[in-house]
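Peer 1: What follows is a predicted structure for the sequence shown.
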Amino acid sequence: MYAKPAAVLLLAGLVAISAAGCGGSSAAPAPSAPDSANAAKPADDAASKSAGGSGSTQPGQTAPPAKTDPAAAGAGGAADASKPPTQSGTSASKPPAAGSKNGAIEVVANPADKTVLVNKMYKLPDNYAPQDLVEPNVPFIFKEKSEKRKLRKEAATALEKLFKAANDDKLPLAGVSGYRSFATQKSVYSNYVKKDGEEAANKYSAKPGHSEHETGLAIDVSGSTGKCAATDCFAATKEAKWLAEHAADYGFIIRYLKGKEDITGYQYEPWHLRYVGTELAKELTKRGVTLEEYFGQTVPVNKQ
Ligand SMILES: [Zn+2]
C-alpha cells in the first residue's frame, strides 16, 4: 500500500531550500535561518514564521508510523525512506499521493494529528485552525497578548515541563513564536508578494497552509534574555545544546536539522521545536532522522 519513497528524493529536488522553516519572512536566499530573518523583522516573524515554505500537502498522517522501519534508513536519508512506516493511524489510509511525485502539493488528511507532516510538499487544509489552543504558562520574549503565545493543549503542557527542566538546569528559556493562524500567514505572504513579487516572496516566505506554526505544535524558543532569538547565533548557545539533548524527553524534536536541508527544505533551525509526542520524538532523535525521512514522505494523503 505504500508508495515508495522516491518522494524524498523528489522533495529534495523540488524544494528549494529556503528559509522558511520558521519564519516565513526570512530572507530567503540568504543562508540565514528563516526564523532569524523574522527575528530581524519582528513583524514578519510573528506572522510568518512557519515552517512551510512552499506548499505541500501532507499525507494523512495518522499515526506515526511504526517505529522502526523507516528509521533504519534514516541515517541515510532519502534512500531509506523507502520503507514507509506503517501507518497505524487512523486516518490515513491512502497510498501516497502521486501528486507529490509530480511536485504537486498535497493537503494533509490528518491536520490535527500530533505527528502531522507539514512542509513544502504537504499543506494544511485552507483555514485549518487547531481547536485546543491554549497559552502555556511560560515566559515569552515579548509582552503583548498574541496568538504567538499559543500552542495546542498537549504541546503547551509538554512545553511547560520542558521549560521547567531547563530552568532547573540553570538555563531558563523563553518563547519567541508559537502558533500562527492561516489568516496571519496569508496576510504576511500576500504582503511580500505585493512588495517583491511572487517568485521572490516564495524564496523567503511560507505560503499559507505550509507553516508548521499553523499546526499549533511548533514554537521557536530562545534563552530567557532573547539573545540570538531565531537567529543563527543561537546554535552556539548552551540553551541550544541543552535543547538538542533534552527536548525529546518532553516530546519535542529539533525539526530542521543541520545537514538535512535538502530533505526538510529548510535551513538548520536549532530554535524551532516541533511537538510530536515523546515516543516519536525519542525515536527520531535517537536515529537522527527528520519527519520526512521517517514517513518516507509518502504517507497517504487526501487530495483536495
Ligand atoms: Zn519556527
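Peer 2: Sure, I can see it. Because the structure is predicted, anything quoted here is derived from the model rather than measured. Numbers count the residues shown, from 1 in each chain.
Peer 1: okay, CA-based contacts and neighbour counts for the rest of this
Peer 2: Fine.
Peer 1: And the strands in the chain, which stretches?
Peer 2: Assigned by DSSP state E, the chain shows strands spanning 106-107, 122-123, 133-134, 151-152, 173-177, 218-223, 252-256, 269-275.
Peer 1: Show residues contacting the third one.
Peer 2: In other words, strand 133-134. When contacts are taken as CA atoms under 8 Å, 6 or more residues apart in numbering, the neighbours of strand 133-134 outside the stretch itself are 150-153, 156, 216.
Peer 1: so which of those would you say is closest to Lys260?
Peer 2: Relative to Lys260, the closest of the contacts of strand 133-134 is Gly216; by CA to CA it sits at 23.2 Å.
Peer 1: List the contacts of the closest one.
Peer 2: Here Gly216 is in contact with 130, 133, 150-152, 155, 178-180 (criterion: CA under 8 Å, 6+ apart).
Peer 1: same thing but 10 Å
Peer 2: 112, 114, 129-134, 147-156, 178-181, 274-275 (CA atoms under 10 Å, 6 or more residues apart in numbering).
Peer 1: Contact partners for the residue nearest to Asn137 when sequence neighbours are not counted?
Peer 2: Once its chain neighbours are removed from consideration, Asn137 has its nearest residue in Glu160; the separation is 6.4 Å (CA to CA, 6 or more residues apart in numbering). With contacts defined as CA under 10 Å, 6+ apart, Glu160 is in contact with 136-139, 166, 250.
Peer 1: now the helices: where do they sit in the protein?
Peer 2: Read by DSSP state H, the chain holds these helices, from start to end of the chain: 6-14, 34-40, 42-48, 69-74, 98-101, 153-168, 182-196, 198-204, 238-246, 261-264, 278-287, 291-295.
Peer 1: Is it correct that Asp249 is in contact with Lys286?
Peer 2: No. Between Asp249 and Lys286 there is no contact under CA atoms under 10 Å: 11.1 Å.
Peer 1: and those two? which has more neighbours close in?
Peer 2: When neighbours are counted by other CA atoms under 10 Å, Asp249 and Lys286 differ, and Asp249 comes out ahead with 18 against 11.
Peer 1: so how far is the ion from the more buried one?
Peer 2: Between Asp249 and the ion the distance is 20 Å, computed by CA to the ion, to the nearest Å.
Peer 1: For that residue, give its distance to Ala166.
Peer 2: According to CA to CA, to the nearest Å, Asp249 stands 12 Å off from Ala166.
Peer 1: just Trp271 next, same as before
Peer 2: Using CA to CA, we find Trp271 at a distance of 14 Å from Ala166.
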